[in-house]
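> Sequence and predicted structure, then a few things I'm wondering about:
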Amino acid sequence: MEKIFSKASPDVLLAIINRLNTVTDQRKDLTPAEEFLQVSCFKMHEGKTFRAHKHLEQKKITTITQESFVVIKGKIKTIIYDLDDTIIAEPVINAGDCVVTLYGGHNYLGLEDETIIYEHKTGPYYGVEKDKKFIDYGVEKKNG
């Protein structure tokens, strides 16, 4: 698991990358318990299960949208931006790998045709004008 911390505020965890080849039989929590988005991973073997459950209703307040995405097929380059909007990392993410973005900004660029990504984020979603601040430079500016 790779953790990317802010250079502007070194105690702020911006993103986490978990590679498919590091997943084990033991549950691994990728995100700290106090974050809004909770992401874990583990291998399932034939016959393995866990205790059936449902989640209790409770009032939770999120102050920022956090995302995770898993590349199902293909490959992407992820651009991770620091709190001051400077690029801090540009890891290549392969099929089966997961990225969790907690703070700062992000973008990604498809590196193979028909790349498939599953994206998950905290909600509710109130529209782009209340959810996003666009960064003026990145992949789209480099390409166009």
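Now that the structure is in, tell me what you want to look at.

> Tell me where the protein has strands.
Secondary structure of the chain (DSSP state E): strands at 2-5, 13-18, 28-29, 40-41, 67-73, 75-81, 87-89, 92-94, 98-101, 105-110, 116-121.

> Of these, which stretch is the most buried?
Most buried of those by mean neighbour count (mean count of other CB atoms under 10 Å) is strand 98-101; its value is a mean of 24. The C-beta positions use only the backbone N, C-alpha and C, and glycine is treated the same way.

> now it, how far from the centre of its chain.
With CA atoms, centre = their mean, to the nearest Å as the basis, strand 98-101 stands 2 Å off its chain's centre.

> For it, output the C-alpha coordinates as PDB.
Output of strand 98-101 as PDB, limited to C-alpha atoms (Å, rounded to 0.1, in the frame of the first residue of the first chain):
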ATOM      1  CA  CYS A  98      -7.400   0.600  -6.300                       C
ATOM      2  CA  VAL A  99      -6.900   4.300  -5.600                       C
ATOM      3  CA  VAL A 100      -8.500   6.200  -2.700                       C
ATOM      4  CA  THR A 101      -8.500  10.000  -2.900                       C
END
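
> Redo the strands of the chain as CSV? Include distance to Gly47.
Below are those laid out as CSV (distance: least, CB to CB, whole Å):
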stretch, distance to Gly47
strand 2-5, 32
strand 13-18, 25
strand 28-29, 21
strand 40-41, 19
strand 67-73, 24
strand 75-81, 33
strand 87-89, 39
strand 92-94, 29
strand 98-101, 25
strand 105-110, 36
strand 116-121, 26
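
> could those be laid out in JSON lines, adding mean pLDDT and distance to Glu57?
As requested, the strands of the chain are arranged in JSON lines below (pLDDT from 0 to 100; distance: least, CB to CB, whole Å):
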{"stretch": "strand 2-5", "mean pLDDT": "97", "distance to Glu57": "32"}
{"stretch": "strand 13-18", "mean pLDDT": "97", "distance to Glu57": "28"}
{"stretch": "strand 28-29", "mean pLDDT": "94", "distance to Glu57": "23"}
{"stretch": "strand 40-41", "mean pLDDT": "93", "distance to Glu57": "21"}
{"stretch": "strand 67-73", "mean pLDDT": "97", "distance to Glu57": "23"}
{"stretch": "strand 75-81", "mean pLDDT": "97", "distance to Glu57": "34"}
{"stretch": "strand 87-89", "mean pLDDT": "96", "distance to Glu57": "37"}
{"stretch": "strand 92-94", "mean pLDDT": "98", "distance to Glu57": "34"}
{"stretch": "strand 98-101", "mean pLDDT": "97", "distance to Glu57": "25"}
{"stretch": "strand 105-110", "mean pLDDT": "95", "distance to Glu57": "31"}
{"stretch": "strand 116-121", "mean pLDDT": "95", "distance to Glu57": "20"}
